[in-house]
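K.L.:
I need the structure of the sequence given here:
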Amino acid sequence: MKQDEKLFKEARITLTILKLLLLLLVGLFPISKFYIFISENWPEKIENLENIPPYEPIKKLASAPSSKRMHRADNEELIKYGEELIRNTAYYIGFKGTEKQITNGLNCQNCHLDGGQKPWGNNYLSVAANYPQIRKRSGKETDVYGRINGCLQRSLNGLPMDSTEKEMKAMAAYILWLGQDVTKGKKAAGSKVYPIEFLDRAADPIAGKSIYESKCTSCHQSNGKGFLAADGRSFVYPPLWGSLSYNDGAGLYRLSKFAGYVKMNMPFGVSHENPQLTDEEAWDLAAYVDSMPRPEKDKTNDWPNLADKPIDHPFGPFADPFSENQHKYGPFKPIKYWYENQKTIQ
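P.N.:
Alright, predicted model coming up:
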């Protein structure tokens, strides 16, 4: 009896092993067929490898310090007032300002979005690390106060303030606080304006007008005058041309600056993560807006070294043979190549 039980047990073990082997074979069969198929169809070499675009990781852009850190600063109240001035400049120093009446009614954050904090929104994050500096536009050393006055006199078409005035001290304190995490001499990723590439053609104001009419009039109106706030002190949406807009000495009067700015920020609400304008649309829109009338700035002393003038600075004289019209609307690549060739010759 015990012998029979032993034989029966061995038979069960053998049967179990056979079942496992059968299952293994059934599972391996399709895998082996797949391997044979891949082996037979695998190319000997990969064609057009050079046409495969390289992987480009999304670069992390710098961000402003958390507002929670502001209370650690010894001059906390001054910094807070500075932020308020940047966000609501016109209320305090606009044409109906409560403290002064020295600007056109625009707010600093109309050009420096989100209080000068937005990535590719012409933010202030690199200012503290790079000022004072010798600016090519003036040919002189400029500190943060001088930088602010440049905006007041050009973008806000107004009057400068003295470095001892409370409003100037506050604005400078806030701008310097924003850049506290940037290493001296370095530039924060995503600061200033997005460096949009030059087109192969000239920017087209006529095409830009169509873009403006379809994407911009709901905020800035068809006449470019924007919408004045109910208090009559500032604008809900700023004027893009006319007597209350930025003058022709402002940075945004250069097409590359305007195009890079709107590419990453307009229509209002978009960001570098979801741009809506193509490069061509951004350039053409810039050409249209900057072809419209606006206040004139005395630029006599700008760019003392002619070779330092930006390619898209539209006022002569120039160190190159190209016309004012081409310096304003392009095409800019021939001008760029001309200067590069001059450096090679030298």
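
K.L.:
which secondary structure elements does the helix or strand encompassing residue 340 contact?
P.N.:
Element membership for residue 340 (DSSP states H and E) is helix 333-345. Counting contacts by 3 or more Cβ pairs under 8 Å, 6 or more residues apart in numbering; DSSP states H and E, helix 333-345 packs against helix 324-329. C-beta here means a position set from N, CA and C on the backbone, and glycine is covered the same way.

K.L.:
elements contacting the helix it packs on?
P.N.:
So helix 324-329, by 3+ Cβ pairs under 8 Å, 6+ apart, packs with helix 333-345.

K.L.:
Report the backbone C-alpha coordinates of the helix it packs on in PDB.
P.N.:
Written as PDB, here are the backbone C-alpha positions of helix 333-345 (Å, rounded to 0.1, in the frame of the first residue of the first chain):
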ATOM      1  CA  LYS A 333      19.700  89.700 -41.200                       C
ATOM      2  CA  PRO A 334      21.700  91.600 -43.900                       C
ATOM      3  CA  ILE A 335      22.600  94.300 -41.300                       C
ATOM      4  CA  LYS A 336      23.600  91.600 -38.800                       C
ATOM      5  CA  TYR A 337      25.800  89.900 -41.400                       C
ATOM      6  CA  TRP A 338      27.400  93.200 -42.400                       C
ATOM      7  CA  TYR A 339      28.500  93.800 -38.800                       C
ATOM      8  CA  GLU A 340      29.700  90.300 -38.400                       C
ATOM      9  CA  ASN A 341      31.800  90.600 -41.600                       C
ATOM     10  CA  GLN A 342      33.300  93.900 -40.300                       C
ATOM     11  CA  LYS A 343      34.500  92.100 -37.200                       C
ATOM     12  CA  THR A 344      36.000  89.300 -39.300                       C
ATOM     13  CA  ILE A 345      37.900  91.900 -41.500                       C
END
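
K.L.:
can you give me how far that helix is from the chain middle?
P.N.:
Between the centre of helix 333-345 and the centre of its chain there are 26 Å (Cα atoms, centre = their mean, to the nearest Å).

K.L.:
Name the residues that touch it?
P.N.:
Helix 333-345 has contacts (Cβ atoms under 8 Å, 6 or more residues apart in numbering) with 198-200, 307, 311, 320-322, 326-327.

K.L.:
so what's the residue nearest the centre of the chain closest to, chain neighbours aside?
P.N.:
When Cα atoms, centre = their mean is applied to the chain, the residue found nearest the centroid is residue 120 (2.1 Å). In this structure, residue 120 finds its nearest non-sequential neighbour in residue 264, 4.1 Å apart by Cβ to Cβ, 6 or more residues apart in numbering.

K.L.:
Where does the prediction get shaky in the chain?
P.N.:
1-12, 14-16, 18-58, 346 (pLDDT under 70).

K.L.:
at 90 what do you get?
P.N.:
Applying pLDDT under 90 to the chain flags the ranges 1-60, 343-346.

K.L.:
Let's verify residue 243: helix, strand, or coil?
P.N.:
Secondary structure, DSSP: H, G, I helix; E, B strand; the rest coil: residue 243 is coil.

K.L.:
Contacts only, for it.
P.N.:
Residue 243 neighbours (Cβ under 8 Å, 6+ apart): 104, 294-295.

K.L.:
Where do the strands of the stretch 201-346 of the chain begin and end?
P.N.:
Ranges of strands in the stretch 201-346 of the chain, per DSSP state E, counting those that start in this stretch, are 227-228, 235-237.

K.L.:
Would you mind saying which of the ones you listed lies nearest residue 275?
P.N.:
Closest approach to residue 275 among those is made by strand 235-237 (19.6 Å; Cβ to Cβ).

K.L.:
name the helices or strands packed onto that closest one?
P.N.:
In terms of contacts (3+ Cβ pairs under 8 Å, 6+ apart), strand 235-237 is packed against strand 227-228.

K.L.:
still on that earlier bit, make a markdown table from the strands of the stretch 201-346 of the chain and add distance to residue 167 and mean neighbour count to it.
P.N.:
Listed next are the strands of the stretch 201-346 of the chain as a markdown table, based on distance: least, Cβ to Cβ, whole Å; neighbours: other Cβ atoms under 10 Å:
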| stretch | distance to residue 167 | mean neighbour count |
| --- | --- | --- |
| strand 227-228 | 22 | 15 |
| strand 235-237 | 19 | 16 |
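
K.L.:
a markdown table for the ones you listed, including distance to residue 84?
P.N.:
Conversion of the strands of the stretch 201-346 of the chain to a markdown table gives the following (distance: least, Cβ to Cβ, whole Å):
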| stretch | distance to residue 84 |
| --- | --- |
| strand 227-228 | 20 |
| strand 235-237 | 17 |
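
K.L.:
Ok, which of those comes nearest residue 160?
P.N.:
Nearest to residue 160, of the strands of the stretch 201-346 of the chain and by Cβ to Cβ, is strand 235-237 at 21.8 Å.

K.L.:
Okay, now the sheet partners of that closest one, with direction.
P.N.:
Strand 235-237 pairs in its sheet with strand 227-228 (antiparallel), by DSSP bridges.

K.L.:
What are the contacting residues of the strand it pairs with?
P.N.:
Here strand 227-228 has contacts from 105, 219-221, 234-237, using Cβ under 8 Å, 6+ apart.
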